[in-house]
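1. got a predicted structure here, sequence first:
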Amino acid sequence: MNFSNDVFAWGCVGIVLMLAELVIPGGIVVFLGTSALAVALTLQFGIITSWIHAFTLWFILSMVLLIIFRNVGQKMVGGDSRVENTDENLDVFGQRVDVIETIGPGNKKGRIEFQGTNWSALGDGSEIQSGEKVKIVCRENISYVVEKIN
């Protein structure tokens, strides 16, 4: 068995691609590198002899490894794949907050403190005194609509 330039080149490309997975995570480049090492071995043992066969084997083997093992690898390693609420108004609904400026009577706006910030607030028409606890019902434009906690 003698080493030819093709074997050395495919082997180096395979090792570089596999090491690149450490810098470029994603579980794809490692399979390209593994395929390149497999091509280097088949060239070394004389199973394939031309560069057309080498590229064809590399392409097909890369696709097969990606299709079969990427999902398995992702499940084993895990990752940050969670779905969170994208509607911020749903997170606000039902929150208990303090009134810092009297709300009402009628449509008179007041102020509430929510998440460390003062917000404009509307009530149900009755007067809600400063210092009382209220519950956020919904949001109307830039104001929150609140109701007294019984």
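-> Looks like it arrived, so ask away.
2. could you report the neighbour count for Lys135?
-> Here the neighbour count serves as a burial measure; for Lys135 (other C-beta atoms under 10 Å) it reads 14. Backbone N, C-alpha and C define where each C-beta goes, glycine included.
3. again with Gln95
-> Per other C-beta under 10 Å, the neighbour tally for Gln95 reads 14.
4. again, but for Ser130
-> The criterion is other C-beta under 10 Å. On that basis, Ser130 has 13 neighbouring residues.
5. is it in a helix, a strand, or coil?
-> Ser130 carries the three-state label coil when classified by DSSP: H, G, I helix; E, B strand; the rest coil.
6. for Pro105, give me its contacts.
-> With contacts defined as C-beta atoms under 8 Å, 6 or more residues apart in numbering, the neighbours of Pro105 are Gly125, Ser126, Glu127.
7. dump these to CSV, plus pLDDT.
-> Compiled in CSV, the contacts of Pro105 are given as follows (pLDDT from 0 to 100):
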residue, pLDDT
Gly125, 83
Ser126, 85
Glu127, 89
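8. wait, which of the residues you listed is closest to Val29?
-> Distances from Val29 to the contacts of Pro105, taken as C-beta to C-beta, are shortest for Gly125 (63.4 Å).
9. can you show me the strands along the protein?
-> Secondary structure of the chain (DSSP state E): strands located at 96-101, 110-114, 117-122, 133-140, 143-148.
10. follow-up on the earlier one: most neighbours among the contacts of Pro105, please name it.
-> Comparing the contacts of Pro105 on neighbour count, Glu127 comes out first with 14 neighbours (neighbours: other C-beta under 10 Å).
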